[in-house]
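Participant: Model the following, please.
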Amino acid sequence: MDAQTVEKIKAGMDYEKTRNGPPDGFPALPPIPSARYVDEDFNTLERDRLWKRSWVYACHSDELPEPGSYVLWDKLGSPILLIRGKDGAVRAFYNTCRHRGAPLVKDRSGRRNLFVCGYHGWSYDHEGNLIAVRDERDFPDFDKSCLGLIPVRCENLGNWHFVNCDDDAEPLLDFLGPVADAMAEFQPDAIRLAHKAEYEIECNVKVLLDAFLETYHLKSIHQQTVDRFLDHLGTTIELWPNGHSRMVTPNRHPEWQDPGVAGLPETETVGEIARDNNVSLNIYPNIVCPPSPTGMPFIIFWPKTINTMRLECIWFSPDWGDGPLPDIWETRIANFERILEEDTQFAPQIQQSVESDGFKGIPLSYQERRIYHWHEELDRRIGEAGLDDAVKVEPVLAPYVETPNARDAAE
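Facilitator: As a prediction, this is how the structure comes out:
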C-alpha cells in the first residue's frame, strides 16, 4: 500500500471518530425494498444476471497439485471441473460428456490421466479435447474436434482460481481492479491453503451478506468479542467500481495480539494499515475477506434457494514450511467460529421476519453505505429494463465511488 493511501486511511479513521453526522452533501439513502429479499421473480433475475455472470472463487492451487489433478465445483448449480493440465495451466469445463450429458467424475477431487465418461466411454484429455469414442464407426461423418468439453472461463489472482459462466465477461484482473492491487501486499502467489469449512444457513443470501458489510452491529452481538478490540466509530470506507469495497476499522489496542496467531509466520510485505487495524474487503459479489499478515479467510456467501444459503469459510496462510499446519491454527479457527456463531445466530429468525407483512424495507445509515453500494451494483447487473419500480434501488452513490488505479495513474 502506497504512502498516500496509508495517510488517507489514517485521516479517514480520525475523521470518522470525531464527525457529528454524515459528510456535507451525502444523500440520505433510500430504503432498500423488502421485495429484493422475498420476491421469486427478483430472485430469478439475481441468479441469472448476477451469480451466473460473475467472477466467483472456485479453488486454490494447492488443491490442484499436479497434472491431471481436478476439483469438482458446483456452488452455483452447474457442475464444473477444474483441471491442471500437463502444461501447468488450470482450465475449467462443464462436467458434462458431450454425448448424452453424463458426468465425467463423481468424486469431489482426485487425479486422472484421462477423463472417461462412465456411461459410454467417451474420453477427454486435460485440455478438454475429445480423443476417443467407443464404436466410432457407428458415427458417420464424425468430427471429434467439434465435441470437446464445453469450457468455462477460468482465471487466477495468484494462487486463487476464479470461474465465470459468462463467456463475454471482462478479464478477472480488470474486474477486480483495486482489489487486486490491495491484495498485492499479501503475496497471493505464495499464500497456501490452510483450512476449509461450510455451514448451511436458513436465510436469503443477502440477509447474511449485508451483515458482514458493516460494523454497526458490533456493540449488539459482539459485546464480549470483536467490540472489545475494534472501535466501530472509527471505521472508514472506500467504495470501488464493480461493487467492490474496503472497510478499515481501528483496533482499540494496536499492541494487543490475538493468541490464535502467536508464533505464526507473517507476510513481511504487509504494511501498517493491515498490521495495526482490521481491514475488510468485499470482493463482489460474495467474498468478505479480512486480510492480515498471518493469513486470512475468504468468507464466501452462496445462494441455494430464495430462503437458504451456504456459508463457506476458507483460510489461507503464509508458507509455514514443511510439515502439517501449525497447531495454533486450531485456536485461531475456534476463535473465529465463535464470532461466526454470533454473526449467524439470528439469521433464521431474521428470514422469518423479512417474509412477514411487517417487513417494509431497509433504511440504511451512513455507516451501512457498503450495503447500498452492493445493491446498486446488483441493479446494474440486472439492467434497468429488467427491474420493476417496486424492487429497484435508486442509484445515488456514484459520486462516492473511487477508482484508485485511475487516481494513481493521474498522479
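Participant: which secondary structure elements does the helix or strand where residue 378 lies contact?
Facilitator: Residue 378 is located in helix 369-382, with elements delineated by DSSP states H and E. On a contact count with 3 or more CB pairs under 8 Å, 6 or more residues apart in numbering; DSSP states H and E, helix 369-382 meets strand 32-33, helix 40-49, helix 205-211, strand 236-239, strand 245-250. C-betas here are computed from N, CA, C, even on glycine.
Participant: hmm, who's touching it?
Facilitator: 29, 32, 36, 45-46, 49-50, 53-54, 209-210, 213-214, 237, 239, 242-243, 245, 247, 282, 284-285, 362, 364, 387, 392-393, 395-397, 400-401 (CB atoms under 8 Å, 6 or more residues apart in numbering).
Participant: I'd like the helices and strands packed on helix 369-382 laid out as CSV, including distance to residue 22, mean neighbour count and mean pLDDT.
Facilitator: Below are these laid out as CSV (distance: least, CB to CB, whole Å; neighbours: other CB atoms under 10 Å; pLDDT from 0 to 100):
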stretch, distance to residue 22, mean neighbour count, mean pLDDT
strand 32-33, 17, 21, 96
helix 40-49, 29, 16, 95
helix 205-211, 19, 22, 96
strand 236-239, 12, 21, 97
strand 245-250, 16, 23, 96
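Participant: Distance to residue 126 added to the ones you listed, as TSV?
Facilitator: Formatted as TSV, the helices and strands packed on helix 369-382 follow (distance: least, CB to CB, whole Å):
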stretch	distance to residue 126
strand 32-33	45
helix 40-49	31
helix 205-211	34
strand 236-239	41
strand 245-250	37
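Participant: picking that back up, quick one: work out the angle between the helix holding residue 378 and helix 40-49.
Facilitator: Helix 369-382 and helix 40-49 meet at an angle of 80 degrees, taking axes from the mean of the first three to the mean of the last three CA atoms, to 10 degrees as the criterion.
Participant: Please give the centre-to-centre distance between helix 369-382 and its chain.
Facilitator: 15 Å (CA atoms, centre = their mean, to the nearest Å).
Participant: Put the alpha carbons of it into PDB.
Facilitator: Extracted in PDB, the C-alpha atoms of helix 369-382 (Å, rounded to 0.1, in the frame of the first residue of the first chain):
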ATOM      1  CA  ARG A 369     -23.400   2.500   2.800                       C
ATOM      2  CA  ARG A 370     -21.400  -0.600   1.600                       C
ATOM      3  CA  ILE A 371     -24.700  -2.500   1.700                       C
ATOM      4  CA  TYR A 372     -26.300   0.100  -0.600                       C
ATOM      5  CA  HIS A 373     -23.300   0.100  -2.900                       C
ATOM      6  CA  TRP A 374     -23.700  -3.700  -3.200                       C
ATOM      7  CA  HIS A 375     -27.300  -3.400  -4.100                       C
ATOM      8  CA  GLU A 376     -26.700  -0.600  -6.700                       C
ATOM      9  CA  GLU A 377     -24.200  -2.900  -8.400                       C
ATOM     10  CA  LEU A 378     -26.800  -5.700  -8.400                       C
ATOM     11  CA  ASP A 379     -29.200  -3.500 -10.200                       C
ATOM     12  CA  ARG A 380     -26.600  -2.500 -12.800                       C
ATOM     13  CA  ARG A 381     -26.000  -6.200 -13.500                       C
ATOM     14  CA  ILE A 382     -29.800  -6.900 -13.900                       C
END
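Participant: Which positions in it come out as buried?
Facilitator: Judged by neighbour count (16 or more other CB atoms under 10 Å), helix 369-382 contains these buried residues: 369-379, 381-382.
Participant: mean confidence for that helix?
Facilitator: Mean per-residue pLDDT for helix 369-382: 97.
Participant: Look at residue 408 and report its pLDDT.
Facilitator: At residue 408, pLDDT is 42.
Participant: er, residue 296 I mean
Facilitator: With respect to pLDDT, residue 296 scores 97.
Participant: Show me what secondary structure element comes after the strand or helix carrying it.
Facilitator: Secondary structure assignment for residue 296, by DSSP H and E: strand 296-305. Downstream of strand 296-305, the first helix or strand assigned by DSSP H and E is strand 308-317.
Participant: Given that next one, what are its sheet partners and their directions?
Facilitator: Strand 308-317 sits in its sheet next to strand 192-201 (antiparallel), strand 296-305 (antiparallel), going by DSSP bridges.
Participant: Contacts for the first one, please.
Facilitator: Going back to what we said before, that points to strand 192-201. With CB under 8 Å, 6+ apart, strand 192-201 has contacts from 60, 62-63, 159, 208, 295, 304, 308-320, 325, 329, 333, 337, 340, 344, 347-348.
Participant: neighbours of residue 12, just the number please.
Facilitator: When counting by other CB atoms under 10 Å, one arrives at 16 neighbours for residue 12.
Participant: Would you agree it is in contact with residue 247?
Facilitator: No - look at residue 12 against residue 247 with CB atoms under 8 Å: they stay out of range, at 10.5 Å.
Participant: Give me the common contacts of these two.
Facilitator: Common contact partners of residue 12 and residue 247 (CB under 8 Å, 6+ apart): residue 236.
Participant: Of the contacts of strand 192-201, grab the buried ones for PyMOL.
Facilitator: Applied in PyMOL, the following selects the buried portion of the contacts of strand 192-201 according to 16+ other CB under 10 Å:
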select buried, resi 60+63+159+208+295+304+309+311+312+313+314+315+316+317+318+325+329+333+340+344+347
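Participant: Spit out the contact partners of the residue positioned nearest the centre of the chain.
Facilitator: What sits nearest the mean C-alpha location of the chain, by CA atoms, centre = their mean, is residue 287, with 2.1 Å. Under the criterion of CB under 8 Å, 6+ apart, the neighbours of residue 287 are 57, 281, 298, 299, 300, 301.
Participant: Go again with 10 Å.
Facilitator: Counting by CB atoms under 10 Å, 6 or more residues apart in numbering, residue 287 makes contact with 56-57, 160, 162, 179, 209, 212, 244, 281, 297-301, 312, 314.
Participant: With residue 279 instead?
Facilitator: Residue 279 makes contact with 1, 9, 182, 186, 246-249, 270, 273, 289-292, 296, according to CB under 10 Å, 6+ apart.
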